[in-house]
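>>> For reference, the sequence and a predicted model appear below.
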Amino acid sequence: MFDIKDISENEAKIQLEFLAKEIEKADIAYYQNDEPYLDDASYDKLRRLNDALEAKFPHLIRSDSPSKRIGALVKSEFKKVELKVPMLSLADIFSDEELKDFVMSIKRFLNTSDNIAFTSEPKMDGLSFSASYVNGIFVQGSTRGDGKIGEDITENLKVIKEFPLFLDKDVPEHFEVRGEVFMSKADFLKLNEMNEKEHKKTFANPRNAAAGSLRQLDARITQKRNLSFLVYTWGEVSDIRWKTQSEFLDYVKSLGFPVNPYNKLCLNDHELLDSFNSLMENRASLPYDIDGIVYKVNDLDLQKRLGFLTRTPRWAIAHKFPAEQAITKLNNIRVQVGRTGALTPVADLEPINVGGVLVSHATLHNEDEIKRKDIRIGDMVVIQRAGDVIPQIVSVLKEKRSSYLPEFQFPVFCPECGAHAIREEDEAVRRCTGGLSCPAQAVERLKHFVSREAFNIEGLGDKVIEDFYKEEIIKTPYDIFTLKERNKPTDLFSNGISLNLENREGWGVKSVKKLFDAIEKSKIISLQKFIYALGIRQVGAATAYLIAKHYHSFSNFMTAMINQDLQLLVSIDGIGPAMAKDIVEFFKEEHNIFIIQKLLSVVHIDDFESLENTDSEIFGKTIVFTGTLTSLTRSEAKSKALSFGAKVAGSVSAHTDYVVAGENAGSKLSKAQELGVKIISESDFIKIIS
Ligand code: IVH
């Protein structure tokens, strides 16, 4: 599938490093943040390329290779659960050919030409769970987490309708069932409708809604959502009383667990394919989302002989449905302006049903994409919806272009504020140069600021932000925190509108109080969330986390950025020069510093996790490094000092507490001697931090 024949060892090494990072990023987005940005096929491509390269160059397998990880990291707030029998994932296939290869390879492995029986089970698009029963009593629930350590969702499972807390038949002493928690399409639509009304965040799809509802620290929220579940496998069981997968499914059904009614036993290749095709046809009419079929060797003895690869069983595979396509008319190309000023074209389509979902918009990526595909308003276009991703335009039916349609002219002025929209060399996007005077950018930045990964202020949904901005109630993030004191019926704004939120349509005393409570609560914020909230170009949640981890406190970070001390920043794995440039540029803008300073007067930013050692003698002290360090790099030394609660300064002054003098230290050392600052050697410093 991938042509890696001619790849050199060096290139492979670089590729593997890139893949490890990309796959981890995608995993975090999918598993931890419930906000996937890659469709299954693209994700799978990365995984396969990684596998292929590792197979060719086994000595280059990295310690952080994605093939060694099963899923994502564990969300820290939940109690951890050890999964004695790991929760594995499945390899994906996308074609009939690959299905044949899969069956063949199993036969070859087992050295048989006999037909092998498989179960074929709809692949539920939800969130996998594990539930343990001891002597028939439900004792613990867990998510998959990283496959070995999951999150404790015992209370959340208990509140799902029909989830059995007791099993009244004679069951094995230790009995752990596993399956999928999901939300039906109807419940998903209802939930989004309600959230929209209440100006709350809506979910992109049922899977995200299920994940967001199940992984709630407060199980009462889970209870309010309509979640469903199915069982399809097991974990730790003290006495396995079934010989085949289908017997297991019958057994759990007899215990009262829901199992998928479309599960089938297939006795040969044809039956496998038939089950795939018939489910694909029926897919849209199912009340829940499925994204493929799982085939499992039915006989447990054969499963045992087949065993496992690193992260997937050899006896099971997931056959994914192809992306669904449809043809419709492109009614308009709208150009939207995002938080960072990027002009993004969006296709307005004649609404059409694609695999059970009504699609009326598609992404067009950027102006080059429109040119490359020669997409014109009025064209008939082929659109595609693959899994979670936003629909895309695959191609244009040029033969259907009836009359002459003019080429699309991408705007060179911002459609929102009229400022020049320019495109820098090497950049695919055109950006509005209006900065915060562009209302679109200001509004998008505000939305970002209050979003879940940032200040997480419930009650300030997109529509509220848009209205408040228009009415000049909130123009900058700081205004959010003065809202309460400004909310007096007598207060009049410049435009004559009185800020009496309780009297707004759809609002009342209760919802206003709720909003103020949420704002109050948000004032204590973690460092990574605060950095993310600033909306610095390219700094997503993962990068914000890296920055927080390395600088520990906001003042460390901000001081370094203002002084343009990039040494530590660029040494962070995952932050490249382009990103560093954007970060520094952000701190060069006076307007940003002004807003940050105002924010710092009202919010409390928690330093990154707990510091390693608050009793350390350098805690709270100011340290200057000078000369060449031999055992540590300068960045490591700085990062260590910061993690022990010290401040790191660039020059020696009366405020300096320690100077760490390496080899060939020069003027800073003499200055320290002059001022009587305590001078320590590199090895003294290492003793302090070890
Ligand atoms: S069996 C060792 N059966 O797909 C096999 N998984 O990529 C363990 N899934 O994490 C999984 N429907 O969330 C199995 N009928 C089914 C499934 C199913 C959905 C999900 C599950 C798992 C992922 C594997």
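Arrived safely. Numbers count the residues shown, from 1 in each chain.
>>> Quickly run through the sheet partners of the lengthiest strand in the chain, with directions.
Scanning the chain for the strand with the most residues, using DSSP state E, yields strand 324-337. In the sheet, strand 324-337 lines up against strand 343-354 (antiparallel), strand 380-385 (antiparallel) (DSSP bridges).
>>> wait, which of the ones you listed is closest to Ala41?
strand 380-385 (10.4 Å; C-beta to C-beta). In this view, the C-beta of every residue, glycine as well, is placed from N, C-alpha and C.
>>> Show me which positions of the next helix or strand after that closest one end up buried.
Next along the chain after strand 380-385, taking DSSP states H and E as the criterion, comes strand 392-396. Neighbour counts over strand 392-396 (16 or more other C-beta atoms under 10 Å) mark Gln392, Ile393, Val396 as buried.
>>> Go through those residues and say which is closest to the ligand.
Gln392 (23.8 Å; C-beta to the nearest ligand atom).
>>> Next up, the contacts around the closest one.
Ala362, Thr363, Ile383, Gln384, Ala386 (C-beta atoms under 8 Å, 6 or more residues apart in numbering).
>>> Recalculate using a threshold of 10 Å.
Shown in contact with Gln392 (C-beta atoms under 10 Å, 6 or more residues apart in numbering): 39, 323, 325, 347, 362-365, 369, 381-386.
>>> show me which of those residues neighbour the ligand.
Of the entries in the contacts of Gln392, none also sits close to the ligand under the rule C-beta under 6 Å from any ligand atom.
>>> Make a ChimeraX selection of the buried ones in these.
With 16+ other C-beta under 10 Å as the criterion, this ChimeraX line picks the buried residues out of these:
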select :39,323,325,347,362,364,365,381,383,384,385,386
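>>> Widest-spaced pair of the contacts of Gln392?
Asp39 and Val381 (18.4 Å).
>>> any idea which helix or strand of this protein has the worst average confidence?
The weakest-scoring helix or strand in the chain, judged by mean pLDDT, DSSP states H and E, is helix 634-643 (a mean of 74).
>>> and that helix, what other elements does it pack with?
Judged by 3 or more C-beta pairs under 10 Å, 6 or more residues apart in numbering; DSSP states H and E, the packing partners of helix 634-643 are helix 541-551, helix 554-562, helix 567-571, strand 622-626, strand 647-649, strand 658-661, helix 682-689.
>>> relative orientation of it and helix 554-562 in degrees?
150 degrees (axes from the mean of the first three to the mean of the last three C-alpha atoms, to 10 degrees).
>>> Just give the nearest non-adjacent residue to Glu98, would you?
Closest residue to Glu98 apart from its sequence neighbours, by C-beta to C-beta, 6 or more residues apart in numbering: His319 at 7.9 Å.
>>> Burial check on the one you found, number of neighbours?
By other C-beta atoms under 10 Å, the residues close to His319 number 25.
>>> circling back: possible to save the buried residues of strand 392-396 as JSON lines with distance to the ligand and pLDDT?
Shown next, in JSON lines, are the buried residues of strand 392-396 (distance: C-beta to the nearest ligand atom, whole Å; pLDDT from 0 to 100):
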{"residue": "Gln392", "distance to the ligand": "24", "pLDDT": "85"}
{"residue": "Ile393", "distance to the ligand": "29", "pLDDT": "91"}
{"residue": "Val396", "distance to the ligand": "35", "pLDDT": "94"}
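>>> picking that back up, which of the helices and strands packed on helix 634-643 has the lowest average pLDDT?
Mean pLDDT values for those show the minimum at strand 647-649, a mean of 79.
>>> Which other helices and strands does that one contact?
Looks like strand 647-649 contacts helix 554-562, strand 622-626, helix 634-643 (3+ C-beta pairs under 10 Å, 6+ apart).
>>> Buried ones in the first one, by neighbour count?
Taking 16+ other C-beta under 10 Å as the neighbour-count basis, helix 554-562 is seen to contain the buried residues Phe554, Asn556, Phe557, Met558, Thr559, Ala560, Met561.
>>> mind listing what the fourth one touches?
Put plainly, it is Met558. Ile531, Tyr551, Phe587, Ile593, Ile596, Gln597, Leu600.
>>> what do you get for the first one?
Residues touching Phe554, when contacts are defined by C-beta under 10 Å, 6+ apart, comprise 525, 527, 530-531, 534, 547-548, 596, 599-600, 603, 605-608.
>>> quick check, nearest of those to the ligand?
Closest to the ligand, out of all of the contacts of Phe554 and judged by C-beta to the nearest ligand atom, is Ala548, at 30.2 Å.
>>> any idea how far Leu306 lies from the ligand?
12 Å (C-beta to the nearest ligand atom, to the nearest Å).
>>> now swap in Glu17 and tell me
25 Å.
>>> Let's test this: what are the backbone torsions at that residue?
phi -70, psi -50 (degrees, to the nearest 10).
>>> Repeat that for Phe586.
Torsion angles, degrees, to the nearest 10, at Phe586: phi -60, psi -40.
>>> And for it, nearest residue in space, chain neighbours not counted?
Using C-beta to C-beta, 6+ apart, the closest residue to Phe586 is Ile536 (4.5 Å).
>>> That neighbour and Lys588 touch, don't they?
No - contact criterion C-beta atoms under 10 Å: Ile536 and Lys588 do not qualify, at 11.6 Å.
>>> intersection of neighbour lists for those two?
Met561.
>>> need the residues of this protein near the ligand, please.
So the chain meets the ligand at 88-90, 121, 123-124, 128, 144, 180, 232-233, 294, 313, 316, 318 (C-beta under 6 Å from any ligand atom).
>>> The same query, at a cut-off of 8 Å, please.
By C-beta under 8 Å from any ligand atom, the residues of the chain that approach the ligand are 71, 87-90, 92, 121-128, 144, 178-180, 230, 232-233, 260, 263, 290, 294, 296, 312-313, 316, 318.
>>> before we move on, back to that, wait, what's in contact with the residue nearest to Glu98?
90, 92-96, 98-99, 102, 120, 123, 272-273, 275-276, 279-280, 292-295.
>>> State the number of residues packed around Asn563.
12.
>>> Please spell out which residues along the helix or strand where Arg305 lies are buried.
Element membership for Arg305 (DSSP H and E) is helix 300-306. By 16+ other C-beta under 10 Å, the buried positions in helix 300-306 come out as Leu300, Leu302, Gln303, Leu306.
>>> same thing with stretch 421-432?
Per 16+ other C-beta under 10 Å, stretch 421-432 contains these buried residues: Ala421, Arg423, Val429, Arg430, Arg431, Cys432.
>>> quick one, phi/psi of the spatially closest residue to the third one that is not a sequence neighbour?
Read it as Val429. Nearest non-adjacent residue to Val429, counting by C-beta to C-beta, 6+ apart: Ala342, 4.5 Å away. Main-chain torsions, Ala342, degrees, to the nearest 10: phi -70, psi 130.
>>> Ala342 and the ligand: what is the separation?
In terms of C-beta to the nearest ligand atom, Ala342 sits 34 Å off from the ligand.
>>> quick one: that residue and Ile422 touch, right?
No - under the criterion of C-beta under 10 Å, Ala342 makes no contact with Ile422, lying 11.6 Å away.
>>> so what sits against both of the two?
Contacts common to Ala342 and Ile422, judged by C-beta under 10 Å, 6+ apart, are Arg430, Arg431, Cys432.
>>> Many thanks, I have nothing further to ask.
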